[in-house]
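*Asks:* Any chance you could fold what I've pasted below:
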Amino acid sequence: MKYSKTALNKIKKEICEISKLLYEKNFITSKEGNLSYRIQNKIYITPSGVPKFMLKEKDIAEVTFEMLEKGDRGQASSEVFTHFQVYKDSKDTVCILHAHPENTLVLNLMGYDFSEDILAESIVFLENIETSKYATPGTPEGAEAVKNISSDIIILDRHGVIIKSKTNLWDAFFKLEILEKYSSIVYKLISSGKEYKKLPKEEVEKLKGYLKSK
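*Replies:* Numbers count the residues shown, from 1 in each chain. Next comes the predicted model:
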């Protein structure tokens with residue numbers, strides 16, 4: 001399938017829009033995070049060194065799988081090899097969002113188990129959340145850290161979060177909002193020093209059953 005110039009421009013515009021929104025919502029600073037789309041054997045991704053709030057469609061980097069296999073990332077973000085690994089492992093992933101949400105990172109640093117079933121919304125909209133091992137940011141170690149992790153939401157240990165989507169970056173962004181709200185609530189609960197209740201097992205199964213019926 002060949003993408004038209006109009007379709008490519010739409011994808012690049014979406015990357016720029018979401019990048020700016022991530023910055024405005026404090027999910028990243030100007031030089032943090034990255035977003036990408038996969039189209040056949042190419043990845044369109046935020047470039048290295050351009051502040052996210054200044055990003056323009058002409059800035060979006062294009063890199064082929066063949067280039068990446070040879071270790072050549074061109075002008076792409078240093079995290080492109082991590083994106084590449086995710087795309088290789090998850091054939092139905094269309095795009096990837098990588099951000100550094102504050103509350104989510106705080107919980108990660110505290111050693112919080114994101115598999116806890118506390119809020120219905122997180123079970124329905126976020127489903128399974130996995131945490132990768134630590135890897136030095138911006139290096140090929142990142143690819144190894146996420147290799148074969150099937151969850152659509154990956155907490156990168158002491159780094160950030162990766163969210164995969166089978167549709168578009170807006171879907172990934174909405175999931176990030178829910179994740180960060182969940183993390184904010186849980187952090188406040190933990191900080192209060194009071195015990196908090198998990199959802200009953202029966203309700204968790206009911207919610208998971210709802211997921212399967214969607």
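
*Asks:* what is the mean pLDDT for the top helix by length along the chain?
*Replies:* Counting by DSSP state H, the longest helix found in the chain is helix 169-192. Regarding helix 169-192, the rounded mean pLDDT is 96.

*Asks:* Can you name the residues in contact with it?
*Replies:* Contacts to helix 169-192, defined as CB atoms under 8 Å, 6 or more residues apart in numbering, come from residues 14-15, 18, 21-22, 25, 27, 35, 37, 95-97, 99, 101-104, 106-107, 110, 112, 116, 118-119, 121-122, 125-126, 129, 152-153, 161, 163-165, 196. Heads up, the C-betas are built off the backbone N, CA and C, glycines and all.

*Asks:* list the buried ones in it?
*Replies:* 169, 171-173, 175-176, 178-187 (16 or more other CB atoms under 10 Å).

*Asks:* Give me the distance between residue 33 and residue 60.
*Replies:* To residue 60, residue 33 is 14 Å away according to CB to CB, to the nearest Å.

*Asks:* Apologies, that question was intended for residue 69.
*Replies:* Distance of residue 69 to residue 60, computed by CB to CB: 21 Å.

*Asks:* Comparing those two, which residue is more hemmed in?
*Replies:* Between residue 69 and residue 60, counted using other CB atoms under 10 Å, residue 60 has the larger neighbour count: 25 against 10.

*Asks:* show me where the chain has helices.
*Replies:* Counting by DSSP H, the chain has helices at residues 5-24, 65-69, 80-89, 102-109, 120-121, 141-146, 169-192, 201-213.

*Asks:* Which of those has the highest mean neighbour count?
*Replies:* Comparing the helices of the chain by mean neighbour count (mean count of other CB atoms under 10 Å), helix 80-89 ranks first with a mean of 23.

*Asks:* so where's the chain shaky on pLDDT?
*Replies:* Low-confidence segments of the chain, defined by pLDDT under 70: 1-3, 210-214.

*Asks:* Run a quick neighbour tally on residue 115.
*Replies:* Residue 115 has 10 neighbours, counted by other CB under 10 Å.

*Asks:* Wait, it touches residue 129, no?
*Replies:* Yes - counting by CB atoms under 8 Å, residue 115 touches residue 129, with 6.6 Å between them.

*Asks:* can you pull the contacts of residue 49?
*Replies:* By CB under 8 Å, 6+ apart, the residues touching residue 49 are residue 31.

*Asks:* Please report the distance of it from residue 73.
*Replies:* As for residue 49, its distance to residue 73 is 12 Å (criterion: CB to CB).

*Asks:* do the same with residue 64
*Replies:* For residue 64, the distance to residue 73 (CB to CB) stands at 11 Å.

*Asks:* Between these two, tell me which one has more neighbours.
*Replies:* Higher neighbour count among residue 64 and residue 73: residue 73, with 20 against 14, using other CB under 10 Å.

*Asks:* mind listing what the more buried one touches?
*Replies:* Contacts for residue 73 (CB under 8 Å, 6+ apart) come out as 48, 63, 67, 80-81.
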